[in-house]
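# how would this look folded up:
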Amino acid sequence: MTAITLNDLGEDIICSNIAIHLSPEDIFSLSLVSHSFYSYLTTNDIFHLLYLKKFGSKPTPLNLSNYNWKELFKLRSSSQAKIYTWGSSQLGRLGYLLSNAPPENIANSGISKNVHTPTNLTTFNGFVISDISAGGFSFQILTNEGDLYFTGADWNKGERSTSTPGPFETFDYKSTAASIPRVESLGSRRSLNGISMPFMGRRYDRDIEAPTSTPSADRQTNPNLRKPSDQLDLSLPDPTGSSMKHQKKVKETNFVTKLLLPDNPEFPDRYVTSISSGREHIIAIDNYHNIISWDTGNTSNVGVHIKFEGLRYDSINKISAGWNLSACYINHIGIVVWYSRAPVTKESSEASTMISNANYLVIPNTDNCKIDDFLSGCDFILYIKDGSLMRFNLHTSGYASGSVDRNLVEDPFPVLGFDNWLNNYNIDNNGKASFTKITGCYNSFSIFTNDGMVLLGNKALSDEESEEPPIIIPQLQKNHIIHVVIGDYHYMALTDEGDLYSWGTESSRCGCLGLGAKDEFVSQNSNNVVTDLGPGKGMVVHNPTLVKSPSPGGKWLAITASGWNSGGIYIPK
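Numbers count the residues shown, from 1 in each chain. Predicted structure coming up:
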């Protein structure tokens, strides 16, 4: 029998059965094997796959099958893309000093000053950014190298609290000062013998100039991964590889700090592939499909490895950090929700494994069905199951404190107002639209259909109230909206053309809408567009309003919002 070689495999096998299991680096390397493989692995479908592997599913035009994924991948992979943040400036959460922001971008709100116009966070200029996410007190920024950073003084309030899903009213084990190596980082706040920013005295870190284990350290990397698609090098890669240990690194500042992964020898060359932010916690997936958490229990910048005792799985499909809980979806297990975790023990801390067992439950009847998407909110999970919108309630604080029996789990129930709307919509339009995507924050959320409709809703307090119909904003419908993000009281929407719209309440002149100075905006628009909440207060913008681009002709590639803050990734023309 004649042996089959790799070159004997057809395009369908290469693309449908092999590429889906490879990393982006490996896909690019495989494309260099031959001209045939290059043609197979540079199609629009393959660039869609590359985009999902490299940047995840947010934001993506899920309802546009003919979208130019090659172009979008090229834009997101560009080091010319820049991060912009705006809104409340409390505790340095925007990532920069106000003295470094253009004076015309700053709103004077009495004793505090905020930023009302998208302003460049220059620390990350020149780096490829994989994702940006917003929590209640900071932004989280994931670089192409798998390094994760946060802005501001801390990602939480910096005090022991009942905030979940960290360890309830306690902290992880903290080594004594004598056991922590002396670390000094010039230009960084994390000098053990220096002056710390608020809440940061309990943090320590390694020398940030030292070589670290990243996806590009200690292994051969295909340079095509970081080149525009029209500049791919088809020459064979250097078989000996090249050292990338001393490549350019993000320079930490008083308002930008690197988060670290546990130094567990079981997981060498560890890096972050996906992130999600809650109010006072951050969760991430690493390249070994482990979940790492930074929450109210951490005693350093080193994350905690979350384990689900009793569950066996090979990979995690998606993570979602909610207001006071977190969740992940695992094939054949279902949606796993954790509401607190055990503190890291002395043994685990000293072994650098930083392992913590989560206190969790699995949402009933989510194991052997199709889950299209899900969202963690405040004491609830929303998910799309077999085309229907479902909600699952939790007694989060009660479970965490033990005041509510953890075995008392309510059954999920359909959000009838949305399901009824979809049924009537399909009847009226003789269509087959379905729900495809959920985004949201706290008690507010948005639902997308696969034909371009965008519905807004709020958490129903009872089964009966779940029959409330969705909110329909005409400007959002079939207008190529690909993503919606939500803060405490404001909303932003991104189109597939890279335009950004915002609306809602801008509290206390915080600037979160990004529409410029309040007085100027109010004077230039009618009462139908905006309501002035009074001197020294904010404004309410009633309809989606275009946010002025930082430079002419560019595109917004990704957006985020939480609390009184907003941010995004923008690429100039």
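
# buried stuff in stretch 537-553?
G538, M539, V540, V541, P544, T545, V547, S549, P550 (16 or more other Cβ atoms under 10 Å). The way it works is simple: take the backbone N, C-alpha and C, and place the C-beta from them, glycine included.

# Run through who's touching that stretch.
82, 84, 117-118, 120, 473, 475-476, 491-493, 499-510, 513-516, 518, 521-522, 528-533, 556, 570, 572-573 (Cβ atoms under 8 Å, 6 or more residues apart in numbering).

# Can you give the distance from stretch 485-493 to the centre of its chain?
Distance, stretch centre to chain centre, for stretch 485-493: 15 Å (Cα atoms, centre = their mean, to the nearest Å).

# How about stretch 545-555?
22 Å.

# Next: stretch 385-395.
Counting by Cα atoms, centre = their mean, stretch 385-395 comes out at 22 Å from the chain centroid.

# what does stretch 403-410 give?
With Cα atoms, centre = their mean, you get 30 Å for stretch 403-410.

# So, low pLDDT: which residues of the stretch 1-150 of the chain?
1-2, 60-66, 109-110 (pLDDT under 70).

# at 50 what do you get?
Across the stretch 1-150 of the chain, the ranges flagged by pLDDT under 50 are 62-64.

# these two touch, right, H332 and T366?
No. Counting by Cβ atoms under 8 Å, H332 sits too far from T366 to count as a contact (10.3 Å).

# of the two, who's got more company?
With neighbours defined as other Cβ atoms under 10 Å, H332 and T366 compare such that T366 has more, 22 against 8.

# Please report the number of neighbouring residues for the closest residue to F267 other than its chain neighbours.
The shortest distance from F267 to any non-neighbouring residue, by Cβ to Cβ, 6 or more residues apart in numbering, is to Y288 (4.9 Å). Y288 is flanked by 16 other residues according to other Cβ under 10 Å.

# isn't Y288 right next to R270, touching?
Yes. Assessed by Cβ under 8 Å, Y288 is found in contact with R270 at 6.8 Å.

# Quickly list the domain ranges of the chain.
Segmentation of the chain into domains, based on the TED database, reads 8-61, 76-169+250-571.

# Kindly report which one of the ones you listed carries the lowest mean pLDDT.
Among the domains of the chain, domain 8-61 carries the lowest mean pLDDT, a mean of 86.

# ok, E309 touching N357?
Yes. Counting by Cβ under 8 Å, E309 touches N357, with 5.0 Å between them.

# Tell me where the stretch 401-550 of the chain has helices.
For the stretch 401-550 of the chain, the helices defined by DSSP state H, counting those that start in this stretch occupy 416-429, 518-524.

# neighbour count winner among E309 and N357?
Shown here are E309 and N357; by other Cβ under 10 Å, N357 has more neighbours (13 against 9).

# ok, now which ones touch that one?
N357 makes contacts with K307, F308, E309, R341, A342, as judged by Cβ under 8 Å, 6+ apart.

# how far away is it from Y84?
From N357 across to Y84, the span is 39 Å (Cβ to Cβ, to the nearest Å).

# ok, and the closest non-adjacent residue to Q80?
I571 (5.8 Å).

# phi, psi of the one you found?
The phi/psi pair for I571 (degrees, to the nearest 10) reads phi -120, psi 130.

# quick one: it and K555, what's the gap?
6 Å.

# can you list residues touching both of these two?
With contacts defined as Cβ under 8 Å, 6+ apart, the residues adjacent to both I571 and K555 are L75, G498.

# The closest residue to A321 other than its chain neighbours: how many residues sit nearby?
Nearest residue to A321 in three dimensions, chain neighbours excluded: G278, at 3.6 Å (Cβ to Cβ, 6+ apart). If you count neighbours by other Cβ under 10 Å, G278 ends up with 29.

# again, but for P535
The tally of other residues near P535 (other Cβ under 10 Å) stands at 7.

# separation between it and I129?
39 Å.

# Same question for M354.
For M354, the distance to I129 - Cβ to Cβ - is 26 Å.

# Name the residue in the two with the higher neighbour count.
M354 (25 against 21).

# so who does A321 touch?
G135, S276, S277, G278, H281, I282, I283, S376.

# May I have the secondary structure class of S133?
Of the three states, S133 takes strand under DSSP: H, G, I helix; E, B strand; the rest coil.

# Now do the contacts for the nearest residue to it once chain neighbours are set aside.
The shortest distance from S133 to any non-neighbouring residue, by Cβ to Cβ, 6+ apart, is to S277 (4.2 Å). S277 is in contact with S133, A134, G135, Q140, A321, T560, S562, counting by Cβ under 8 Å, 6+ apart.

# Turn the buried residues of stretch 537-553 into JSON lines, columns for distance to S348.
Compiled in JSON lines, the buried residues of stretch 537-553 are given as follows (distance: Cβ to Cβ, whole Å):
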{"residue": "G538", "distance to S348": "46"}
{"residue": "M539", "distance to S348": "50"}
{"residue": "V540", "distance to S348": "49"}
{"residue": "V541", "distance to S348": "49"}
{"residue": "P544", "distance to S348": "48"}
{"residue": "T545", "distance to S348": "50"}
{"residue": "V547", "distance to S348": "45"}
{"residue": "S549", "distance to S348": "48"}
{"residue": "P550", "distance to S348": "45"}
